[in-house]
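Asks: Give the three-dimensional model of this entry:
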Amino acid sequence: MSYSSVNPFNGELSQRFADISNAQLEEKLATAQQCYLTWRQTSYADRAVVLNRAAGLMRERVEELAHTMTLEMGKRINEARGEVLFSADILAYYAEHAADFLSPQMLHPQLGDAHMESSPIGVIYGIEPWNFPYYQLARVAGPHLMAGNVLVIKHAGCVPQCAMAFEALLLDAGAPTGLYTNLLISHHQSDRVVDDPRVKGVALTGSVAAGRKVAARAGQNLKPSSMELGGSDAFIVLEDADLDLAVRWAVWGRMYNGGQTCCAAKRFIVVEELAAPFLEKFQAALALLVPGDPLDEKTTLGPLSTESALQQLLVQVDLAVSSGARLVMGGKRIDRPGSFMQPTILTDVSPDNPAFRDEFFGPVAMFFPVEDEEAAIALANDSDFGLGGSVFTRDIERGRRVASRIETGMMFINNINWSDAELPFGGIKDSGYGRELGDMGIQAFVNKKLVRYASLQAPV
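Replies: Model (predicted):
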């Protein structure tokens with residue numbers, strides 16, 4: 001495994017970091033386990049002190065943290081600041097609500113009384129991606145640390161300084177050593193962590209291939225896991241939609257974070273009455289995006305996270321076109337330094353085209369005109385993924401009916417705004433299983449124990 005900070009805006013290598021040794025890994029796991037023995041006994045109020053301090057430090061250091069993120073993975077600076085602040089909100093949200101979420105739940109048996117109580121289970125291993133370097137960490141740290149577990153985290157190889165900065169935040173906030181541990185480890189060492197008997201659960205956000213591998217290994221060890229994997233979200237525009245509103249959300253939904261978002265809008269399914277004007281306005285809006293330095297607030301199109309990410313996307317687009325898709329716009333890298341790609345629209349993507357079932361992790365949109373609402377729903381559901389999706393219509397009740405028929409973990413009506421700590425995040429099918437954030441996000445790695453009292457005679 002290689003941990004390197006390379007600026008995708010200009011390709012300059014900032015710093016490289018070596019994997020830790022097996023002896024160092026053992027020491028960190030032992031420290032985490034020792035910390036758990038104490039942390040599990042710590043009150044919710046005392047846990048909240050640490051999480052609230054960390055949230056406060058994130059807000060104080062927003063410029064520094066955002067700058068590091070932009071330099072490492074190319075996120076535009078305004079989006080980077082927003083991610084830092086949202087991450088702080090997640091930590092504060094769980095500091096406030098964890099005790100209520102995990103309070104005993106009374107049951108009502110026929111005789112006596114009973115309740116369900118929640119308790120932590122131990123060291124949790126998180127494997128996290130580069131596209132949201134702090135948010136992905138916050139959404140496991142907030143719930144699982146407040147639940148009384150401790151975390152060891154393997155972050156992505158291209159954002160090592162973001163990973164280190166988040167660990168430093170918690171230590172500066174007063175977290176005991178071992179509560180949250182960043183691991184610079186190889187894939188082989190990662191397997192060892194999953195296998196380690198001190199590790200009691202595994203949370204992964206990443207690709208379908210990574211999810212299958214890690215979930216299988218966790219299953220072999222009889223350990224609970226959560227998997228937040230890819231997506232190819234449908235963006236449905238019905239004939240009664242507000243066209244200008246839909247186009248504005250289409251641009252944001254496809255281009256936010258350079259299009260490198262699991263729940264981004266990726267398949268644009270538009271009823272024929274609006275198909276031509278939608279495509280015309282969508283193409284015109286994408287053409288206005290200007291590539292530039294992501295540290296410059298005026299830049300509207302940043303680079304992809306790495307050169308390899310750009311190359312993979314170019315190969316996917318070329319394969320789609322050679323398999324019969326029509327290129328409406330874009331499809332090439334931008335002729336300038338850095339890992340920049342033209343905003344791209346593909347249409348005439350038939351079911352036998354590899355692109356039909358692919359996930360394009362970057363500024364590539366697929367456009368599908370359809371006859372009516374029923375055809376839109378059928379096409380939206382014809383996907384191996386099931387993360388999120390959206391529907392645009394002036395009739396909100398109609399929007400709710402359509403949303404209920406789409407096979408995903410999340411649906412949005414006239415928006416794609418998932419940025420709220422209260423809202424559970426996750427999908428079905430190849431998009432994984434389990435939920436993060438909200439009340440559901442803290443329940444993944446706790447023991448739900450039944451306790452019953454009743455005055456009964458022993459059976460004879």
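Asks: ok, residues contacting stretch 418-427?
Replies: 86, 89-90, 93-94, 139, 142, 226, 228-229, 231, 263, 385-388, 408-410, 412, 432-441 (Cβ atoms under 8 Å, 6 or more residues apart in numbering). Heads up, the C-betas are built off the backbone N, CA and C, glycines and all.
Asks: hmm, try it at 7 Å
Replies: When contacts are defined by Cβ atoms under 7 Å, 6 or more residues apart in numbering, stretch 418-427 is touched by residues 86, 89-90, 93, 228, 231, 263, 386-388, 408-410, 432, 434-438, 440-441.
Asks: which parts of the helix or strand containing residue 89 are buried?
Replies: Counting by DSSP states H and E, the element that carries residue 89 is helix 77-101. Buried residues in helix 77-101, counted by 16 or more other Cβ atoms under 10 Å: 77, 79-95, 97-98, 101.
Asks: residues near the closest residue to residue 260 other than its chain neighbours, how many?
Replies: Distance criterion Cβ to Cβ, 6 or more residues apart in numbering; nearest residue to residue 260, sequence neighbours excluded, is residue 131 at 4.7 Å. Residue 131 has 24 neighbours, counted by other Cβ atoms under 10 Å.
Asks: I'd say residue 131 and residue 258 touch.
Replies: No - using Cβ atoms under 7 Å, residue 131 is not in contact with residue 258, being 8.7 Å away.
Asks: remind me which residues of this protein are low pLDDT?
Replies: 1 (pLDDT under 70).
Asks: The very next helix or strand once past the helix holding residue 89 pairs with which strands?
Replies: Next helix or strand after helix 77-101 toward the C-terminus (DSSP H and E): strand 105-107. Paired neighbours of strand 105-107 in the sheet (DSSP bridges): strand 113-120 (antiparallel).
Asks: what angle sits between the strand it pairs with and helix 77-101?
Replies: 140 degrees (axes from the mean of the first three to the mean of the last three Cα atoms, to 10 degrees).
Asks: Helix, strand, or coil at residue 137?
Replies: The three-state label given to residue 137 by DSSP: H, G, I helix; E, B strand; the rest coil is helix.
Asks: re earlier: from the contact counts, what lies against the helix holding residue 89?
Replies: Judged by 3 or more Cβ pairs under 7 Å, 6 or more residues apart in numbering; DSSP states H and E, the packing partners of helix 77-101 are helix 44-60, helix 62-73, helix 135-146.
Asks: out of those helices, nearest to residue 20?
Replies: helix 135-146 (18.3 Å; Cβ to Cβ).
Asks: before we move on, the earlier item: got JSON lines for the helices and strands packed on helix 77-101, with mean neighbour count and distance to residue 417 too?
Replies: Listed next are these as JSON lines, based on neighbours: other Cβ atoms under 10 Å; distance: least, Cβ to Cβ, whole Å:
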{"stretch": "helix 44-60", "mean neighbour count": "18", "distance to residue 417": "21"}
{"stretch": "helix 62-73", "mean neighbour count": "22", "distance to residue 417": "20"}
{"stretch": "helix 135-146", "mean neighbour count": "27", "distance to residue 417": "14"}
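Asks: can you pull the contacts of residue 366?
Replies: 266, 267, 268, 346, 349, 355.
Asks: I'd assumed residue 226 was in contact with residue 444.
Replies: Yes - using Cβ under 7 Å, residue 444 is in contact with residue 226, at 5.0 Å.
Asks: what sits in contact with each of those two?
Replies: Shared contacts of residue 444 and residue 226, defined by Cβ under 7 Å, 6+ apart, are found at residue 434.
Asks: ok, back up a step: run the angle between the helix holding residue 89 and helix 62-73 for me.
Replies: Using the same axes, to 10 degrees: helix 77-101 against helix 62-73 is 110 degrees.
Asks: Give me the contacts around helix 77-101.
Replies: By Cβ under 7 Å, 6+ apart, the residues outside helix 77-101 that reach it are 44, 48, 51-52, 54-55, 58-59, 62, 65-66, 69-70, 132, 134-135, 138-139, 141-143, 146-147, 256-257, 294-295, 297, 419, 421, 439, 442.
Asks: what are the ranges of the strands in the stretch 101-250 of the chain?
Replies: Using DSSP state E, counting those that start in this stretch, the strands found in the stretch 101-250 of the chain span residues 105-107, 113-120, 123-127, 150-154, 180-182, 199-205, 225-228, 233-237.
Asks: Could you tell me which strands sit next to the fifth one in the sheet, and their orientation?
Replies: The one in question is strand 180-182. Applying DSSP bridges, one finds strand 180-182 paired with strand 150-154 (parallel).
Asks: Take the strand it pairs with, keep the C-alpha atoms, and write them as CSV.
Replies: Provided in CSV are the C-alpha atoms of strand 150-154 (Å, rounded to 0.1, in the frame of the first residue of the first chain):
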residue,chain,number,x,y,z
VAL,A,150,-13.2,2.4,20.0
LEU,A,151,-12.1,2.7,16.4
VAL,A,152,-9.1,1.7,14.3
ILE,A,153,-9.2,3.2,10.8
LYS,A,154,-7.6,2.5,7.5
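Asks: Residues contacting that strand, please?
Replies: With Cβ under 7 Å, 6+ apart as the criterion, strand 150-154 contacts 28-29, 32, 35-36, 39, 123-128, 137, 140-141, 144-145, 178-183, 185, 190, 193.
Asks: can you pull out the helices in this structure?
Replies: Remark: helices assigned in the chain by DSSP state H are 22-39, 44-60, 62-73, 77-101, 135-146, 160-172, 187-195, 208-220, 243-255, 272-287, 307-322, 373-381, 396-405.
Asks: Mind putting these into TSV with distance to residue 364?
Replies: As requested, the helices of the chain are exported to TSV (distance: least, Cβ to Cβ, whole Å):
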stretch	distance to residue 364
helix 22-39	38
helix 44-60	32
helix 62-73	18
helix 77-101	19
helix 135-146	22
helix 160-172	25
helix 187-195	28
helix 208-220	18
helix 243-255	8
helix 272-287	11
helix 307-322	6
helix 373-381	18
helix 396-405	25
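Asks: and of those, who's closest to residue 108?
Replies: helix 77-101 (20.4 Å).
Asks: Of the helices of the chain, which is nearest residue 340?
Replies: Using Cβ to Cβ, the nearest of those to residue 340 is helix 307-322, at 7.6 Å.
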